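>>> Pasted the sequence and its predicted model underneath.
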Amino acid sequence: MNYDRPQELLKPVKRHFITLTFAVALVLELLPLPQGSNRWLPDFVALLILYWSMNQPRRIGIGMAFGIGLLADVVSTGMFGQHALAYSVGAYLILLRQQQLVMFNLGQQTLVILVLMLLIQLLMAIARWSVGAALPGLGYFLPALIGALLWPLLTKLMLLPYRSERH
Amino acid sequence: MNFANTPSFANQGLPPGGRLFLCVLASLALLVGDSQYGLMEKARDAISVVLYPLQRAANVPLNLTMQVGDFFTAQAALKRENDALRERDLIQSSHLMRMSSLEKELQQLRQLNALAAQPSHAGVVAEVLYTGRDPFAYRLIIDKGSSSGVASGQAVIDENGLIGQVTRVQPLSAEVTQVINRHYIVPVMIQRTGHRALLYGFGGGVEVRYLPISTDIRENDLLVTSGIDGVYLQGIPVARVKQIDRLGGAAFARVRSEVIAGVQSSRFVVIMPNRHLPVAPPVAEAPADTAKADKKSP
């Protein structure tokens, strides 16, 4: 049952690549998409934070998650600290069990990611609610579900540039 | 994947728990500081300037597709649009002619009354960069900021009616809160009768609240800004009444209405200059004093 973990040796991940993925995710947030798309479009920045803190725990840790969260706060016109709080908690929970999580197969990872994405959304809702915004409905958690479903695809995509040439 | 995890004996710096504690503490401080005291505006300005190239880059593909689409517009469609525009231009220029003479008349009357002349109503045209990706609030980001003279508090309209108000200004961009945002209130009047009311946004729509059951209001009535608040010019269309429920037991009628402007669809908006109302006169003072106060204000 080890079919979805790469068997071959992978080239080391470059720092630029990580930066690039986050830049792309932030640009996705800035795209002039039709209103209402944020009712289902997942939070790609959160997904990337979870991905990199699972696979490159020494590069993307709690502090980086916090910093990227601040950027996401400004981009999403939300409150300062809302994304930063949720992302740093998400990164921390990944790092707690990081050695086990990388050994999971994609199905198990997806379940973990689903729980963490829901938790991130919930933390942001609580943060906003405590400073006076209305509580959103259950539809607010749909992006987390879609994000978790995209996890296997994201994993495959991220590994593409790092497969070695040998077959 | 990277299996070379840091061995526990090589750990440097704070343990993860400690780092998390610091980060959570910092973000809670930021949350409270931002929401309660508005301390973070400077930092937000700085980050938004850094992000501005990203914003423009994100808009490039859309602009390109729009340009390509424009290039391949059928000639018939152009012709039709041209005819419609010419017709509208004719109608509007006749209105404009009457307007200019009326404006002159009004100016003279105002001068006679020794009132401060009102500034002309030229606005700043801005393009919507993107809609804020925050499910808790209805906001737009536009591409004009304090460098173009935009100030927070200014009304934002499109060709059909009121969109909202500038609530946060950064050097190169600004945030517009839309009328459908929760807690957004516009003083309006029913155009047909002149009856004044308050239009409340409730997050995704607007409704008139606290209107006595006996008020003369009908379906399809136009609600326009009343202009008594010092923010909006008088007569900007805001919403149209869709449905009125007059329940027997309730003191107020339930008036559902629909926003007229393309709040969620307009690509170009106009930022109206602020109205400079004279400072409200103190209640107990004599009328002579208020006249002086009027003259002083710009």
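Received, thanks.

>>> Contacts only, for A:Met79.
A:Asp73, A:Ala127, A:Arg128, A:Val131, B:Leu31, B:Asp34, B:Ser35 (Cβ atoms under 8 Å, 6 or more residues apart in numbering or on different chains). Bear in mind the C-beta positions are built from the backbone N, C-alpha and C, glycine included.

>>> try B:Glu159
B:Ser266.

>>> what about the closest residue to A:Gln121 other than its chain neighbours, how many neighbours?
Nearest residue to A:Gln121 in three dimensions, chain neighbours excluded: A:Ala144, at 4.9 Å (Cβ to Cβ, 6 or more residues apart in numbering or on different chains). The number of residues packed near A:Ala144 is 23, by other Cβ atoms under 10 Å in any protein chain shown.

>>> Please identify which helix or strand holds the most centrally placed residue in chain B.
Closest to where the C-alpha atoms of chain B average out (Cα atoms, centre = their mean) is B:Gly164, at 2.0 Å. Element membership for B:Gly164 (DSSP states H and E) is strand B:162-169.

>>> end-to-end on stretch A:70-83?
Stretch A:70-83 has an end-to-end distance of 7 Å (criterion: Cα to Cα, to the nearest Å).

>>> mind listing the helices for the chain?
Just going to use chain A. With helices called from DSSP state H, chain A shows them at A:15-30, A:44-55, A:62-75, A:82-96, A:98-101, A:106-130, A:142-149, A:151-159.

>>> my bad, chain B
With DSSP H, the ranges of helices along chain B come out as B:16-32, B:41-71, B:75-112, B:287-296.

>>> deepest of the ones you listed, which one?
Mean neighbour count, computed with mean count of other Cβ atoms under 10 Å in any protein chain shown, is highest for helix B:16-32 among those, reaching a mean of 18.

>>> thought B:Tyr184 was touching B:Thr177?
Yes - contact criterion Cβ atoms under 8 Å: B:Tyr184 and B:Thr177 qualify, at 6.3 Å.

>>> Find residues that contact each of these two.
B:Gly164, B:Gln165.

>>> Please say which of the two ends up with more neighbours.
Between B:Tyr184 and B:Thr177, counting by other Cβ under 10 Å, B:Thr177 is the more crowded of the two (24 against 20).

>>> which residues touch the more buried one?
B:Ala137, B:Tyr138, B:Arg139, B:Gly164, B:Gln165, B:Thr167, B:Tyr184.

>>> Contact partners for the fourth one?
Translated: B:Gly164. With contact set as Cβ under 8 Å, 6+ apart, B:Gly164 has these partners: B:Leu140, B:Ala155, B:Val156, B:Val176, B:Thr177, B:Gln178, B:Val179, B:Asn181, B:Tyr184, B:Val263.

>>> pLDDT value on the residue nearest to the fifth one when sequence neighbours are not counted, please?
Leaving aside its chain neighbours, B:Thr177 sits nearest to B:Thr167 (4.4 Å; criterion: Cβ to Cβ, 6+ apart). Reported pLDDT at B:Thr167 in the predicted model: 89.

>>> And for B:Ile260?
pLDDT, B:Ile260: 88.

>>> Got the phi and psi for it?
The phi/psi pair for B:Ile260 (degrees, to the nearest 10) reads phi -90, psi -40.

>>> Quick check: the nearest residue to it once chain neighbours are set aside vs B:Glu127, distance?
With sequence-adjacent residues excluded and distances taken as Cβ to Cβ, 6+ apart, B:Ile260 is closest to B:Gly161, at 4.0 Å. Per Cβ to Cβ, to the nearest Å, B:Gly161 is found 18 Å from B:Glu127.

>>> Compare those two (neighbour count), which wins?
The residue with more neighbours, out of B:Gly161 and B:Glu127, is B:Gly161; 21 against 14, by other Cβ under 10 Å.

>>> So what does the more buried one look like in phi/psi?
phi 170, psi -160.

>>> Could you list which residues are in contact with it?
Taking Cβ under 8 Å, 6+ apart, we find B:Gly161 in contact with B:Ile236, B:Pro237, B:Val238, B:Ala239, B:Val259, B:Ile260, B:Ala261.

>>> check contacts around the last one.
By Cβ under 8 Å, 6+ apart, B:Ala261 lies in contact with B:Ile157, B:Asp158, B:Asn160, B:Gly161, B:Leu162, B:Ile163, B:Val179, B:Pro237, B:Val238.

>>> Go ahead and confirm the first one touches B:Ile163.
Right, B:Ile157. Yes - counting by Cβ under 8 Å, B:Ile163 is a contact partner of B:Ile157 at 5.9 Å.

>>> So which of these two has more stuff around it?
Between B:Ile157 and B:Ile163, counted using other Cβ under 10 Å, the more crowded position is B:Ile163 (29 against 22).

>>> returning to what we had before: output the helices of chain A as JSON lines; include the columns mean pLDDT.
Formatted as JSON lines, those follow (pLDDT from 0 to 100):
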{"stretch": "helix A:15-30", "mean pLDDT": "87"}
{"stretch": "helix A:44-55", "mean pLDDT": "93"}
{"stretch": "helix A:62-75", "mean pLDDT": "89"}
{"stretch": "helix A:82-96", "mean pLDDT": "92"}
{"stretch": "helix A:98-101", "mean pLDDT": "90"}
{"stretch": "helix A:106-130", "mean pLDDT": "91"}
{"stretch": "helix A:142-149", "mean pLDDT": "91"}
{"stretch": "helix A:151-159", "mean pLDDT": "90"}
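
>>> Find the residue ranges of the stretch 151-298 of chain B scoring beneath the pLDDT cut-off.
B:275-298 (pLDDT under 70).

>>> Go ahead and name everything in contact with stretch B:131-141.
A:29, A:32-33, A:35, A:38-39, A:75-78, A:128, A:133-134, A:136, A:140, B:55, B:128-130, B:156, B:163-164, B:167, B:173-178, B:180-182, B:201, B:203-204, B:263-264, B:269.

>>> Could you measure from A:Gln100 over to B:Pro16?
Applying Cβ to Cβ to A:Gln100 and B:Pro16 gives a distance of 15 Å.

>>> Just the buried residues of the contacts of stretch B:131-141.
By neighbour count, with 16 or more other Cβ atoms under 10 Å in any protein chain shown, the contacts of stretch B:131-141 hold A:29, A:32-33, A:35, A:38, A:75-78, A:128, A:133, A:136, A:140, B:55, B:128-130, B:156, B:163-164, B:167, B:173-178, B:180-182, B:201, B:203, B:263-264, B:269 as buried.

>>> returning to that earlier point: tilt between the strand holding B:Gly164 and helix B:41-71?
140 degrees (axes from the mean of the first three to the mean of the last three Cα atoms, to 10 degrees).

>>> Cool, thanks, signing off.
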